[in-house]
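Engineer: coordinates only, no sequence provided:
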C-alpha cells in the first residue's frame, strides 16, 4: 500500500505482474478444461514477454467471461469477480480508518475472486464443500485472531513498506 520503490521498481509494476499472472491462470483454466490439461501451463510463458505489457482493469475483468459455462453458480461467481475487479480501484486514504477500509475491501474482493477460480469447473458437491470450508476458516480466524499491539510494532527507517497497525482484519 505504501507507494515507495522496491528492488528499484515502483509498486504498480508488481500490481501489473499480479494481474498478468491472474490472466494467465484464467487462460490456463480455460485451456485445461476445454482443450487439454497438458497445455494448461502454456499461458504462463506469456509472462516472460509481458514485462512492458500493461494489463488494465477492463481487459483483466473481461477475461472472467471466458470462465462462463452456463451454470448458474458459475455465472454468479464470474459476475461477482468481474464487479470486484472493476471496484478495486478505490484510492487508499492515508488515515488509519482509510487503511482499514482498503484492507477490508481488498481481502473481500480477493476472497470472491479466489472462490470463483477454485470452483470454476467443479461439481455442486465439491463447490459446497469448498464454500463450507471457506466459511469455517473465516469463522475460526474471526474467533481466534489476537488483537494487534500497535505499541509493540517497530518500523525501521528505510523499510520499503511501513504497515499501519491498530486493529485486526478478520474478513
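Structural biologist: Looks like it came in fine. The structure presented is a predicted model; accordingly, all values stated were derived computationally and were not measured.
Engineer: remind me which helix or strand the most centrally placed residue in the chain belongs to.
Structural biologist: Note on the chain: the residue nearest the mean C-alpha position is residue 110, at 3.5 Å, using C-alpha atoms, centre = their mean. For residue 110, the host element (DSSP states H and E) is helix 96-118.
Engineer: would you mark the buried spots in that helix?
Structural biologist: Under the neighbour-count criterion of 16 or more other C-beta atoms under 10 Å, helix 96-118 has 99, 102, 103, 105, 106, 109, 112, 113, 115, 116, 117 buried. Just so you know, the C-beta spots here come from the backbone N, C-alpha and C atoms, and that holds for glycine as well.
Engineer: the very next helix or strand once past it packs against which elements?
Structural biologist: Later in the chain than helix 96-118, the nearest helix or strand by DSSP H and E is helix 124-144. With contacts defined as 3 or more C-beta pairs under 8 Å, 6 or more residues apart in numbering; DSSP states H and E, helix 124-144 has these neighbours: helix 96-118.
Engineer: which elements pack onto the helix it packs on?
Structural biologist: Applying 3+ C-beta pairs under 8 Å, 6+ apart, one finds that helix 96-118 contacts helix 11-34, helix 72-87, helix 124-144.
Engineer: same list, those, but as JSON lines with distance to residue 63 and mean neighbour count please.
Structural biologist: Formatted as JSON lines, the helices and strands packed on helix 96-118 follow (distance: least, C-beta to C-beta, whole Å; neighbours: other C-beta atoms under 10 Å):
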{"stretch": "helix 11-34", "distance to residue 63": "5", "mean neighbour count": "16"}
{"stretch": "helix 72-87", "distance to residue 63": "9", "mean neighbour count": "16"}
{"stretch": "helix 124-144", "distance to residue 63": "21", "mean neighbour count": "12"}
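Engineer: of those helices, which shows the lowest average pLDDT?
Structural biologist: Lowest mean pLDDT of the helices and strands packed on helix 96-118: helix 72-87, a mean of 81.
Engineer: run through who's touching it.
Structural biologist: Under the contact criterion C-beta atoms under 8 Å, 6 or more residues apart in numbering, helix 72-87 has outside partners 57-58, 60-62, 64-65, 67-68, 105, 108-109, 112-113, 115-117, 119-121, 124, 127.
Engineer: do you know which of the helices and strands packed on helix 96-118 lies nearest residue 42?
Structural biologist: Comparing these against residue 42 with C-beta to C-beta, the closest turns out to be helix 11-34 (6.9 Å).
Engineer: name the residues that touch the closest one?
Structural biologist: If you take C-beta under 8 Å, 6+ apart as the criterion, helix 11-34 is touched by 2-6, 39-44, 46-47, 50, 53-55, 59-60, 63-64, 66-67, 113, 117, 120-121.
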